[in-house]
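K.L.:
after the sequence you'll find the predicted model.
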Amino acid sequence: MNEMDSSAGGFADEFRALVEERGITLTSLQRRLTDRGNPVSMATLSYWRSGDRQPEGVLSLSAIEDIEDIFGLHRGHLTGLIRPVPRIGRKPEPELKQTFALNIDQEIEETAQALGTVAQSGIRDLSVSLVGYVDAHGDLDRVVTRALVQSMEGTIAEVPLYDLAPFDAAETKSVTEVIGGRVDRSLRHPLGRVVCDVIAFDDPIPVGGTGLIEFTERFPVAYPDRRALWHGVDRPNRQILLWVRFHPDAVPDWCEEYTVVDEQETVRMRTIASGAIHVARFGFGPGIVGIRWGFDADS
């Protein structure tokens, strides 16, 4: 085990042991930190507990000091276990605020060239809605997307759908049940991050005209990171609607909405009502808007 693993493990092991020993949930801890003026996302607390990431930066270290006070520990009990480490290699997935840090422009261009598809600059996204269905295990099972697009340059006969696949995903999501078109061809870039499905419209869209398509994305059983629904845009979109519907046996203990703009993440805790939650954005972009959730029993 290298030095980075040792330092991260020391803090994570102690933090995890304290949470279990004191019988406090991450949800309760997050609320108490917020009350102290140190809001920390549930995802971040989960990362700290699992050891996937350790606290860095002034705000995170301030939150750790508050945690020491909440647990009745002497100052430095936890902060003394944190060691500064260099960031090397691949960053953990999913870390949505890092998505824009990935230099994928070239991979998208190479994928588009290989598929011989149209440039995205000729298509305007007017509105998009994503409905995510969560299974009894608390994982995203499928997403139904409905998108209204407009042709800006010439007649548009097809539209490319780009997705960022986790590095460790042996299988990618499958696009099925297309209404208003069909999946004509698909390709995953050799580096594995960029996946593109090209949907051919039933009726080509003339300049200024609009086209409406609906399709379902299904997740393989072994697909990682299935507790988040998000949508990214590279320019303003008139309307983005995300709606997550949870299985009655898997309503999560915590849920948060987030946006990522210029690599800066903003998080807001949300309460789930009637087994579902939605987020709407108007005129949003470029950036990412999403919903993620989890359970206090997660390791």
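P.N.:
That came in fine, so what should we check first? Numbering: from 1, shown residues only.

K.L.:
mind listing the strands for the chain?
P.N.:
For the chain, strands defined by DSSP state E occupy the ranges 123-134, 140-151, 156-164, 174-179, 181-188, 194-205, 210-218, 228-233, 237-245, 254-261, 264-269, 276-284, 287-294.

K.L.:
so which of those gets nearest residue 69?
P.N.:
Judged by CB to CB, the one of the strands of the chain that comes nearest to residue 69 is strand 264-269, at 21.0 Å. Yep, even glycine has a C-beta here, placed from its N, CA and C like the rest.

K.L.:
pull up the distance across stretch 145-162, start to finish.
P.N.:
13 Å (CA to CA, to the nearest Å).

K.L.:
and that stretch, what's buried?
P.N.:
For stretch 145-162, a neighbour-count test (16 or more other CB atoms under 10 Å) marks 145-151, 156, 158-162 as buried.

K.L.:
give me the domain ranges for this structure.
P.N.:
Listed by automatic domain parsing, the domain ranges of the chain are 3-81, 96-294.

K.L.:
could you dump these to a markdown table with mean pLDDT?
P.N.:
Formatted as a markdown table, these follow (pLDDT from 0 to 100):
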| stretch | mean pLDDT |
| --- | --- |
| domain 3-81 | 80 |
| domain 96-294 | 86 |
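
K.L.:
residue contacts, the residue nearest to residue 173 when sequence neighbours are not counted?
P.N.:
Of all residues beyond its chain neighbours, the one nearest residue 173 is residue 217 (4.5 Å), with distances taken as CB to CB, 6 or more residues apart in numbering. Residue 217 is in contact with 142, 143, 145, 173, 174, 175, 176, counting by CB atoms under 8 Å, 6 or more residues apart in numbering.

K.L.:
surely residue 206 meets residue 152?
P.N.:
No. Counting by CB atoms under 8 Å, residue 206 stays clear of residue 152, with 11.2 Å between them.

K.L.:
are any of the contacts of residue 217 buried, and which?
P.N.:
Using 16+ other CB under 10 Å, the buried ones in those are 142, 143, 145, 173, 175.

K.L.:
looking at the residues you listed, spot the one nearest residue 59.
P.N.:
Nearest to residue 59 among the buried ones among the contacts of residue 217: residue 143, at 32.5 Å, using CB to CB.

K.L.:
how near is that closest one to residue 287?
P.N.:
Relative to residue 287, residue 143 is positioned 19 Å away (CB to CB, to the nearest Å).

K.L.:
ok, residue 49 next?
P.N.:
Distance from residue 49 to residue 287, by CB to CB: 28 Å.

K.L.:
the two: which is more packed in?
P.N.:
Neighbours per residue, other CB atoms under 10 Å: of residue 49 and residue 287, the larger number sits with residue 287, 24 against 21.

K.L.:
so what's that one closest to, chain neighbours aside?
P.N.:
Leaving aside its sequence neighbours, residue 287 sits nearest to residue 261 (CB to CB, 6+ apart; 4.0 Å).

K.L.:
and what of residue 211?
P.N.:
Leaving aside its sequence neighbours, residue 211 sits nearest to residue 205 (CB to CB, 6+ apart; 4.3 Å).
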